[in-house]
Every structure is written in C-alpha cells, then in structure tokens.
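# Predicted model, plus sequence, below.
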Amino acid sequence: MQHLRMLPYSGLCFSRAAPHRIPAVGHASLPALSTFQGATGVAFVRDYYMSYLTVAAVGILAAVLFGSMLGVARLLAPRNMSKDKLSTYECGVEPLGDLWSQQQARYYIYALLFVVFDVEAAFIFPWANIMGSFQQGVAILVEMIIFILILAVALLYVVRKGLLRWS
Amino acid sequence: MSPTPPVLAAQARASAHLADARMAIELETPEMTLNIGPQHPSTHGVFRIVAEVDGEKLLKADPVLGYMHRGYEKLAEVRTYPQITTLVNRIDWLSGYCNEIPFILGVERLMGIEAPPRAQYIRTILSELARISTFLVFLGSYGIELGALTPFFHTMRDREKVLDLIEGVTGGRFHPNFNRVGGVKDDLPAGFIDATRQVMNTVEDICKDVETLLFGNDIFQQRTTGVGLIPLEKGLAYGMSGANIRASGCAVDVRRDEPYLVYDDLEFDVVMDDRCDSYARAWCRLQETLQSVRIVRQCLDRLPAGKIMAKVPRIIQVPPGEVYTRAENPLGELGYHIISRGGRIPYRVKVRTPSFSNVSVLPWLLKDVWMADVITILGSLYFILGDVDR
Amino acid sequence: MEKDWLDHGITILVVILIFTVQMLITTFLVLFERKFVAWMQVRIGPNRAGPWGLFQTVADALKLMVKEIFVPRGADRTIYMLAPFLTVFPAFMAFAILPIGPSFEFVHGDKTHVVAIQGANLNVGILWLLAMSSVAVYGVMLAGWASGSKYSLLGSVRASAQVISYEAALSLSILPVLLWTGTLDLQEIVAAQSGWNWYAFGLLLIPFVSFFISGMAETNRLPFDLVEAESELVAGFHTEYGGARFMFFFLAEYINIMTISAVAVTLFLGGWNGPWVPVQADPAGWQVALGVLYFFLKTFVLLFLFIWIRATLPRMRYDQLMSFGWKILIPVNLVFLMVLAGLVVMQEVGAWPAGFFR
C-alpha cells in the first residue's frame, strides 16, 4: 500500500514517499507541512512565494549587515593613501610584468567536467526522488545505470587522456 | 567535376597552415613572471626567486641572493680575533655556537695552542645542543611549509628547553660567544649534567612524535617523496653538504672524516639515505637529531675534570700563516680560511658557508615543478639566509 | 488555513532569530577554533579580550573596521568591492533553510498557529543548498581576479577549479539521501531519521564521509586550503583585501563551515532528532528546546572534527587534490548510488527485506 501525501507543490517535487522509507511515527502529520494542509489554491501559491520571500529577507539582512559594517568602517577608518600603499603585493618588490596575465586553459577543463557532472546530477535528482515510489522501478534503474555508465566512460576517457594531469 | 589543380591545393594547404599558426599565436598563454620573495611567508627571510609560472607549474626559477648581505668577511679584517667570534656567531643565527668552533680552532692551530680536554668536551656538548635546537626548528617549520601547523609548536616548546641549557652555560641563547682562544669562558654550571640528561629524553620523545605523526602521515609522504630529486653527482657538483648530500647517498660527515674537538672518541652513526628526495633530506635531519642526543649523552658520561683554559697570552697575537678549518654545521660544512700576517687582526677571513652552496642547486632543481613543491624543496634544503649571504 | 499577520510575524521573528544566532555562533566559532587549536598546539590562545578571551572576535572585528579602506591600483574597482558580499551572501542564504528544531503549535484566539524553527521551508530544499554553494564560487573567483595581483589570481583560479570539482562530488554524495527518502524537503528528511535511524549510522555512512570531505574542500579548509595556501600563495585570493572587506571573507569562511556541518547534521545525523524529542506534531516547549540543543550539539561535534583535522593534517598538492576528487570521490559516489538504487528496487519488489539496513 502506498501512502500518498498531498503536498501543495507535489507537482514540483514528486514527494510520494513509500511507507518503508518514512518511519511510522508521525509521518501522517509532519509538523512543518501541516501548515499547508487544507489550504486553498491561492494560499498554496502565496505560501510558495512566501517561503522564497523569507529567504530573500535573510539575504536582505545579510546585505544590511554588509552595508552597515562597511559604512561604520568608512566612518572610522583613516584615509591616507600613498603610491606605494596602493601597489599590489608581490613580496615586497615592484610587480613584474603584466598584472592581468592570462591563465592556463587547463583549469578550464575542470569547468567543463563540472558542467557535465552537475548536469548529470540535475538529471539524477528528480530520478532519485521518485525512484522508490515508481512502479517500474527496475526499468528506470536500468535506464539510469546506462546513463551513469555513459558518463563514467566519459570520465574514464578524460582520465586516460591525461587531462586531469597538468602536462 | 574537374580535380583541383595541384597548385591551388598547395595554396589552400599553406593558407590553412598559416591560419593555424595565427591561431596558435593568438591563443598562446604567456608565462607569468612572479616574484617569490623577498617578503614571503616561507622563504625564511629575505630570499627572492624570480619565477616563471605557468598556472600550477613553475617553469624556471632564478634565485636572487644578497638581501641579507652584511659584509662579515670585510668586517673581520678590521677586528681582533676575539671580536670576530662575535661576528661569526651571526652567520647562521640558528646555531650560533657551531659557527664559532671552526674559527676558534683555526686561530688555535695558527697559534699552536690546544684547549684542555674538558674545554673540548664542553665545546662538543654545546655544538651538539645547538645542532639539536636547529634541527628542532627544521622539523617544526617543515611541517608549516607543508601546511601542518601543530608540530611546529611542539618542537619549539622542546627547543626552548635546549636553549635554556645553552643559556645556562653561556648566558646567551642564540649568540653565546662563549669560546675563547685556548678554551671556553666558564665551566659548566651546577646541575647541568642532570638537566641535560632530562632534556635529552624530551628531545628523543619529540623526535619519535614527529616521526610517527608527521613523517608517518600519508599526505606528508605524498608531498615529499620523489619531490626535489638531487642525484649524487649533481649534489657533489654543486658542492652541497650536510644532510642534503647525505640524503643523496653520500656519507660525508666532517665529524667522522676529519675529526675535530673530541669526535674521534665518540660513537655515532653517519646517517645516510639514497632516496635523494625531500623526504630523505628531512628524514636524515630527524635521525641526526637522535645521533646528536647520543653524542651529548656520551660526552656527559665521559666529561673529564680539569682546566677549561690553556695558557694563552693576554693579548691574542697570531703569527703569520694560513689555515683552513672546517666543521660539520647543522646546515652542512662550514669552513674558514684565515690568513694572518701577524698581529691582532687577520689579513683576510674567507667564510665557506654551507647554505650558499646548497642554494646554488636551485636554478637546476626548480624546473617544471609544481608551485606547491617549490616550497617543499626550499624547505627541505634548509638554508638560513644569514648563512647564504653572510 | 490562511496565514494571518501573526504567522508572518512569527516567520520574521524566526528569521531574525536564526540570523542573530548564526552571527553569534560564528563569532564564538572563531574563538572556539582558536582556543582548540591553541590547546592542541600547547599554546594558551586568545586570553586578553574579556574572560578567557571571550570577546576576542569582537575585538578583532572592531580592529578590522578601523583599518584603512583602499582599493589597490590595477584592481577592477566595482568587482573588487562587490566580491566580499558575493562570498557572504550565499553563506547566509544556505543556512536560512535548515530546520533547526521541531515545529510546534500554539493556539491564539480560535486559530492554531504552527511555528517552524526554520527560516523557510523551501520545496527544493537540498537543491537550494547546492545552488548557494555554487554561487559562493563567484565571490572567491572574482575577488582574486579583480584584485589585479598575481598571487590573488593564482589563488582564485585554483579556488574555482577546486571548488567546482568538489561541488560535483558534494552533489553526488547528497543523492543517496534523496534516493533513500524520496524527497527534497529537509523537514521530511529529518523526520525520516527519527528514532536513531540516522543515515550516517547505516549504509549511508559512505556518502556521509564523502560529503564531509567534499565539504572541507568546498570551504577551503586544511588539508584542502590550497586556495589560501599561506606558504605558497601568501594569502591566496584575499591577498589584496584588508580591513572590513577582509573581515567578510573571514566571516564567510566560518559561516560556510558551520553551514556545511549543519547540512551534514540535517542530512546524515538526524537533524534535531534525539532522545525525548518526538517527531509528531505539537511537542512540548522543553522538547523543542531540546531538539534545537541536539541540532547545535551535533553541529558542534562536526565543527570540532573540522578543527581537529585542521590541526592534524598537512596540505595536499593541487594535482593530488584533483585526482582525489575526480578519480576516487566521484567514481565511488557513482558506484554507491547505483548499488543503493539497486537495493531500493529490490526492496520494492520484495527481494530484499525492507528496513534491513536501518
């Protein structure tokens, strides 16, 4: 038997937990979710945006903190510039050559690899979410294993090609 | 469809080549020239390397020396012999006492004086204590260079105890200036022998701790093994000495090869390793600390009674002559070439410092190495800037 | 039921409370680290500002605020000034969605109000955490780039490569939790771990360890502090920063390690779960307090681990770091994910006893 909990945003996050993975104690009325239960459609949307508004409030608090501390610092700090003080640090001697030098493309390979694996994770996240409660469990497991194997081969290729080494 | 005329095909190929070449020029990443030092956290003073850096790799390094030059050789030419011991104390400031030994021995040899046995033993004990204190600094600071902060504080704590011993005898912790021509200034204080025995146990303990906790650490081993390989012939060609050359598989030690003070009466091993890398160099120093402990213990056992000064004239006048004396300093082989034309002041004192030769290998060694390994290698060579620049 | 002004008021109160507590804990975390490291290094540590140096961090902050503010020649002014904020901002945002204690209800008038001790219960939960830790890369990267100094630049390209590499490992080590619980909602993940079913004590120990390691790399802590490797790159990406702006990098680092510990607690160590804290609705007041206490206690244990490791290990080299991430952490996580998915499917079809590993 499958316990189906209706969540206001269940269309977004596929929260259909199978019974064996949610403990028997209290799963019927999870405290945080009881807020939303029985709410009407308009309220769902409102609550949905409210939660992001709350996070935004934290961001605003952080910005206020940042701004006020810098403001206080601006009031308190002395200002006494000189040419040497404004030069960048290079172990106590005049910087040699161009400051904005180019960097190796070798670092860039990690960025590419990261994109590959993060996009992979983005695909796996929804899959992992419904994995337990989906009827054709074996089928989507096999599909995902094929997907991961392809990526594993890609990683193997990168390693064999020596791209993870510097030279 | 007519085939492409060969001339046109060749032109197309040529222009494609040119385009490729242009691309190559446009996409070329210029190397970054970077100053490592003089004011850098891990060059132990004002040592400067002008490096060509390519991302994480250092392609070429050009050491710039001389920021610490204090002109000791020239200064020695206008000072009396007893005054010069004060100067040479400051060459390698971590083991000031060891710097005095070969100079005093040279002057004594020129004058035909020999210090009494008790003085010789006291000199040996103090030299080895200075060696231990220097190596404790190395064992701690090498950890810091690799990012492990904790060993430093533990070794420094125990080094304090060694310095306390030196202070108890000489009154100075870093620059004792305790040697006189023909002996030492004072006898050992009461209770010195027991205190030293205790401290030697402490030093042994800390060495064991460092061996298991730092040298036994996986990351430490990965960071140091195979890094900064100096083959024996290269090391010899650059005139390296001390633990640096012993880690390259050459068991030279002035204390054994050309014994001075009382080293020929004592039993100790010349620590040698043939792995040639940074790990071997650090490991050699660790083992040498333990050997020094052994030497100090033997000296304490055999310490003879008697006078501490030979009979010397009130004013030191050195007859004309020339002498080269050398000694095994913690950093390597330290030598003084003293030329006297008679009188109270030497004509010329040439100092052969170990660090200068040890550092000279850097341009050859620092080619195509990881940025992080630069610090590993610099630390493992263990030089003191005062010793490089004099 | 509709939310009324009281609910919104409570939310705002909780947000402000969490923010304050976060700042306070960060302040004392700095002192705590210094004291602990000092203890391990046979030193005394800060002991001048207030009793036992309690106000050391405050004194440090004040000192940094009266330092001269300047922008080095050759720096990109706007980005240089913006970068510290870009580092602090995601650090705060990530913490805001963590459930710190059990929710409770109270009746006011004829309505029952629910108070969740959590900034916001986002439906995307875990994804938000990952998003914020990705955004944090920008602050470090731009700070180093905008400084116009070579050491900063070297530090920041290293930082970007390192952080994004371990970001991939981090997200892959979160996935097993997702697979096991089947939800992104952090409250539900915590609820699912009630009654000592903490994931780190079971099969999910492997992703927990992997998460912790990648978390250390994400926050640039030893042995992964290549970004600001003092003995090589002087101070890495913040070489050119001083005064109040430096303070924000410092702050962000500590908030980040706290966030990583708190996330690890939430995902793997049962969040606020513990003895005498019920999961069902409406716990008593003391039980709520106990839950919050458990949460911070567990976070504290992980923080201690962070500090302990910092005092113990040397730093890794860039290539070792990268090959560890890509050749060990990520493949292990991928394999573990597939094995776990297989187990879940086997439980679904009944080939494996349900709850075997729990």
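Okay, I see it.
# make it CA atoms for all contacts and neighbour counts henceforth
Will do.
# Tell me the residues on the stretch 151-300 of chain B that lie near chain C, please.
Within reach of chain C by Cα under 8 Å from any Cα of the partner chain, the stretch 151-300 of chain B has these residues: B:151, B:153-154, B:217, B:219-220, B:223.
# Quick one: the residues you listed as JSON lines, columns for neighbour count and secondary structure too.
As requested, those are exported to JSON lines (neighbours: other Cα atoms under 10 Å in any protein chain shown; DSSP: H, G, I helix; E, B strand; the rest coil):
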{"residue": "B:Pro151", "neighbour count": "26", "secondary structure": "helix"}
{"residue": "B:Phe153", "neighbour count": "19", "secondary structure": "helix"}
{"residue": "B:His154", "neighbour count": "20", "secondary structure": "helix"}
{"residue": "B:Asn217", "neighbour count": "16", "secondary structure": "coil"}
{"residue": "B:Ile219", "neighbour count": "18", "secondary structure": "helix"}
{"residue": "B:Phe220", "neighbour count": "21", "secondary structure": "helix"}
{"residue": "B:Arg223", "neighbour count": "21", "secondary structure": "helix"}
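# Can you tell me which of the residues you listed comes closest to C:Arg245?
Sorting these by how near they are to C:Arg245, with Cα to Cα, puts B:Phe153 at the top with 30.5 Å.
# Was I right to think that closest one contacts C:Ile44?
No: checked against Cα atoms under 8 Å, the pair B:Phe153 and C:Ile44 is beyond contact range at 11.5 Å.
# Near B:Gly321, how many other residues are there?
Neighbourhood size, B:Gly321 [other Cα atoms under 10 Å in any protein chain shown]: 15.
# Spit out the contact partners of it.
By Cα atoms under 8 Å, 6 or more residues apart in numbering or on different chains, the contact set of B:Gly321 is B:110, B:339-342.
# Please enumerate residues in contact with the helix or strand where B:Leu105 lies?
According to DSSP states H and E, B:Leu105 maps onto helix B:96-111. The contact list for helix B:96-111, computed with Cα under 8 Å, 6+ apart, reads B:81, B:85, B:88-92, B:114, B:123, B:126-127, B:130-131, B:174-182, B:318-327, B:329-330, B:334-336, B:338.
# next structured bit after it?
Of the helices and strands lying after helix B:96-111 in sequence (DSSP H and E), the nearest is helix B:117-145.
# Let me see the mean pLDDT of that next one.
Average pLDDT, helix B:117-145: 91.
# next one: stretch C:135-154
83.
# That stretch vs chain B: in contact?
Yes: residues of stretch C:135-154 contacting chain B under Cα under 8 Å from any Cα: C:150, C:154.
# ok, and does that stretch reach over to chain A?
Yes: residues of stretch C:135-154 contacting chain A under Cα under 8 Å from any Cα: C:147-151.
# Restricting to C-alpha, output that stretch in PDB.
Provided in PDB are the C-alpha atoms of stretch C:135-154 (Å, rounded to 0.1, in the frame of the first residue of the first chain):
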ATOM      1  CA  VAL C 135      27.200  30.800  -6.100                       C
ATOM      2  CA  ALA C 136      29.800  31.100  -3.400                       C
ATOM      3  CA  VAL C 137      32.500  30.200  -6.000                       C
ATOM      4  CA  TYR C 138      31.900  33.600  -7.700                       C
ATOM      5  CA  GLY C 139      32.900  35.600  -4.700                       C
ATOM      6  CA  VAL C 140      36.200  33.800  -4.400                       C
ATOM      7  CA  MET C 141      36.900  33.800  -8.100                       C
ATOM      8  CA  LEU C 142      36.000  37.400  -8.700                       C
ATOM      9  CA  ALA C 143      37.900  38.600  -5.600                       C
ATOM     10  CA  GLY C 144      41.100  37.100  -6.900                       C
ATOM     11  CA  TRP C 145      40.600  38.200 -10.400                       C
ATOM     12  CA  ALA C 146      39.600  41.800  -9.500                       C
ATOM     13  CA  SER C 147      42.500  42.400  -7.200                       C
ATOM     14  CA  GLY C 148      44.900  42.700 -10.100                       C
ATOM     15  CA  SER C 149      47.600  40.800  -8.200                       C
ATOM     16  CA  LYS C 150      49.300  37.700  -9.300                       C
ATOM     17  CA  TYR C 151      49.100  35.800  -6.100                       C
ATOM     18  CA  SER C 152      45.400  36.600  -5.900                       C
ATOM     19  CA  LEU C 153      44.900  35.500  -9.400                       C
ATOM     20  CA  LEU C 154      46.700  32.200  -8.900                       C
END
